[in-house]
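Student: what's the 3D shape of this:
(2 chains)
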Number of protein chains: 2
Amino acid sequence: MKKLKVGVLVSGNGSNLQAIIDACQRGEVPAEVVSVITNRATAFGLERARKAGIAAVHLDHREFAGREAYDAAVVAELQRQGVELVALAGFMRIITRVLLDAFPQRVMNIHPALLPSFPGLDAQQQALDHGVKVTGCTVHFVDEGTDTGPIIIQAVVPVLPDDSVETLSRRILCQEHRSYPQAIRFYAEGRLTVEGRRVNISGEHVSSDVSLINPSAR
Amino acid sequence: MKKLKVGVLVSGNGSNLQAIIDACQRGEVPAEVVSVITNRATAFGLERARKAGIAAVHLDHREFAGREAYDAAVVAELQRQGVELVALAGFMRIITRVLLDAFPQRVMNIHPALLPSFPGLDAQQQALDHGVKVTGCTVHFVDEGTDTGPIIIQAVVPVLPDDSVETLSRRILCQEHRSYPQAIRFYAEGRLTVEGRRVNISGEHVSSDVSLINPSAR
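Tutor: Next up is the predicted model:
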């Protein structure tokens, strides 16, 4: 199967980028990351990309007149590398129509909460403040709203009594590293179709008898 | 251990009422349902109560001047039966301060969604319309908002590709029947303390390595 060309946008550590690179290299996902773009020169994601031999560029947002001009430069770079799917992985900038129109229904994001709960910044802190007993992550297609696009995959973890933002974030991150490559795999295999707000996945594995309860019974 | 006296308010079928009655009778929950109140003469919950030998009354809201007057009658009946904890189980009326003040931090509710997602009516339809991949139920203490009070337990199920409101509701209901008796048990055992929005549960069983992902990998 021809490999899907993926571009990843990062602002920070890029652990989801790494999970995607690794899953592609292990052959679990019929895709390859061909472009990594960051708005921060210090993003460790740049290191990860270079180590994996991936074209990586820093586009400094301060050098552009506005969000649209910045996104146009991002689009140009993605197109130069032949990118077919764009994955936001901790990219701390608001995306404009310029990017969405260039990659219609082909921009994904991952959010560290069970959307529609806790959109926006500091999702893990929001979850702790609200006192929920479960949270998780959501991989979704990006639309013009903040974390509002059609949902592809969700993964759930318990919130534990002594959780800090750090321990909870780490538990969610483990699920992010499973979910994001899996969503890209579904896309690369041509299995995703979007109907309104719902994402249908052909050949989806149905397991209706699973559940998770927190706290558990004892 | 002295059994906690529970009053249950129902408007309909009362399957959660039944789950609570059964769990108490099996000795899993150190409590007994001593009062069932409904606002609908046709509520099947009334039958269930009478079959179990529980004092059951129909209070017709149309016979009262307003919500407060109605709740005062509910409180009087609950107090007459010596109720210590009030459990709303599909009670389709807005609760006033009259009930909350008479039973401070002693009114529970169950909601068929992972709050704060999808509060209010038709939570299962809301979940389907939003296209979430997981949903579930939430047992919480009742405050003055709609489904906003401190969360005691949450249970998660997958949303499946062909789900209707009926199939999804049934899957969630299985978890409601586990969660609600369990929350009442925690309360009856004196293990719940509320700190702001967070409910702490002493002796809680911690299982940090559980997770649920939907769709799963295949």
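
Student: need the strands for chain A, in chain order.
Tutor: Using DSSP state E, the strands of chain A run over residues A:4-10, A:31-38, A:55-58, A:85-89, A:107-111, A:134-141, A:151-158, A:192-195, A:198-201, A:212-214.

Student: looking at chain A, which helix or strand is least sure?
Tutor: strand A:212-214 (a mean of 92; mean pLDDT, DSSP states H and E).

Student: and it, what does it pack onto?
Tutor: The elements that strand A:212-214 packs onto, with contact taken as 3 or more CB pairs under 8 Å, 6 or more residues apart in numbering or on different chains; DSSP states H and E, are strand A:151-158, strand B:151-158, helix B:165-188. C-beta here means a position set from N, CA and C on the backbone, and glycine is covered the same way.

Student: could you rerun that using 7 Å?
Tutor: Under the contact criterion of 3 or more CB pairs under 7 Å, 6 or more residues apart in numbering or on different chains; DSSP states H and E, strand A:212-214 touches strand B:151-158, helix B:165-188.

Student: how far does that strand sit from its chain's centre?
Tutor: In terms of CA atoms, centre = their mean, to the nearest Å, the centre of strand A:212-214 is set 25 Å apart from its chain centre.

Student: just stretch A:13-26 next, same as before
Tutor: 11 Å.

Student: with stretch A:168-182 instead?
Tutor: The answer for stretch A:168-182 is 10 Å, by CA atoms, centre = their mean.

Student: close to chain B, is that stretch?
Tutor: Yes - shown here: stretch A:168-182 in contact with chain B (CB under 7 Å from any CB of the partner chain) through A:171, A:175, A:178-179, A:182.

Student: before we move on, the earlier item: can you tell me which of the helices and strands packed on strand A:212-214 is most buried?
Tutor: Comparing the helices and strands packed on strand A:212-214 by mean neighbour count (mean count of other CB atoms under 10 Å in any protein chain shown), strand B:151-158 comes out on top with a mean of 27.

Student: what's next to that strand, contact-wise?
Tutor: Residues outside strand B:151-158 that contact it (CB atoms under 7 Å, 6 or more residues apart in numbering or on different chains): A:131-134, A:156, A:207-208, A:210-215, B:114-115, B:133-141, B:171-172, B:175, B:178-179, B:182-183, B:186, B:192, B:199, B:212, B:214.

Student: again with stretch A:91-103
Tutor: Contacts for stretch A:91-103 (CB under 7 Å, 6+ apart): A:9-11, A:39, A:61, A:67-68, A:71-72, A:74-75, A:86, A:107, A:142, A:144.

Student: with stretch A:56-65 instead?
Tutor: Contacts for stretch A:56-65 (CB under 7 Å, 6+ apart): A:36-39, A:41, A:46, A:49-50, A:70, A:73-74, A:77, A:93.

Student: give the contact list for the nearest residue to residue A:80 once chain neighbours are set aside.
Tutor: Distance criterion CB to CB, 6 or more residues apart in numbering or on different chains; nearest residue to residue A:80, sequence neighbours excluded, is residue A:35 at 7.9 Å. Listed by CB under 7 Å, 6+ apart, the contact set of residue A:35 reads A:7, A:54-55, A:77-78, A:81, A:83.

Student: among those, which one has the most neighbours?
Tutor: residue A:7 (27 neighbours; other CB atoms under 10 Å in any protein chain shown).

Student: what bridges to it?
Tutor: Applying DSSP bridges to residue A:7 gives these bridge partners: residue A:35, residue A:86.

Student: near residue A:56, how many other residues are there?
Tutor: 22.

Student: pLDDT score for the residue lying closest to it once chain neighbours are set aside?
Tutor: Spatial nearest neighbour of residue A:56, chain neighbours left out: residue A:49 (3.6 Å); criterion: CB to CB, 6+ apart. With respect to pLDDT, residue A:49 has a value of 96.

Student: number of nearby residues for residue A:49?
Tutor: 25.

Student: surely it meets residue A:36?
Tutor: Yes - using CB atoms under 7 Å, residue A:49 makes contact with residue A:36 at a distance of 3.7 Å.

Student: flag the shaky bits of chain A, pLDDT-wise.
Tutor: Scanning chain A for pLDDT under 70 picks out A:217-218.

Student: repeat that with 80
Tutor: Chain A contains residues with pLDDT under 80 at A:1, A:204-208, A:217-218.

Student: of the contacts of residue A:35, which is the nearest to chain B?
Tutor: residue A:7 (24.0 Å; CB to the nearest CB).

Student: OK, contacts around that closest one?
Tutor: A:34-35, A:37, A:78, A:81, A:83, A:86.

Student: just put those residues in CSV and tack on distance to residue A:15.
Tutor: Shown next, in CSV, are these (distance: CB to CB, whole Å):
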residue, distance to residue A:15
A:34, 19
A:35, 18
A:37, 17
A:78, 21
A:81, 22
A:83, 21
A:86, 18
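
Student: re the thing from before, quick one: the residue nearest to residue A:80 and residue B:20, what's the gap?
Tutor: 57 Å (CB to CB, to the nearest Å).

Student: ok, residue A:199 next?
Tutor: Counting by CB to CB - residue A:199 and residue B:20 are separated by 37 Å.

Student: likewise for residue A:94?
Tutor: Distance from residue A:94 to residue B:20, by CB to CB: 48 Å.

Student: which of these two has more residues huddled nearby?
Tutor: The residue with more neighbours, out of residue A:94 and residue B:20, is residue B:20; 25 against 9, by other CB under 10 Å.

Student: and that one, what does it touch?
Tutor: Taking CB under 7 Å, 6+ apart as the contact definition, residue B:20 lies against B:6, B:8, B:33, B:87, B:180-181, B:184.

Student: check residue A:128 too.
Tutor: A:163, A:165, A:168.

Student: gap between it and residue B:136?
Tutor: 19 Å.

Student: check residue A:42 too.
Tutor: 40 Å.
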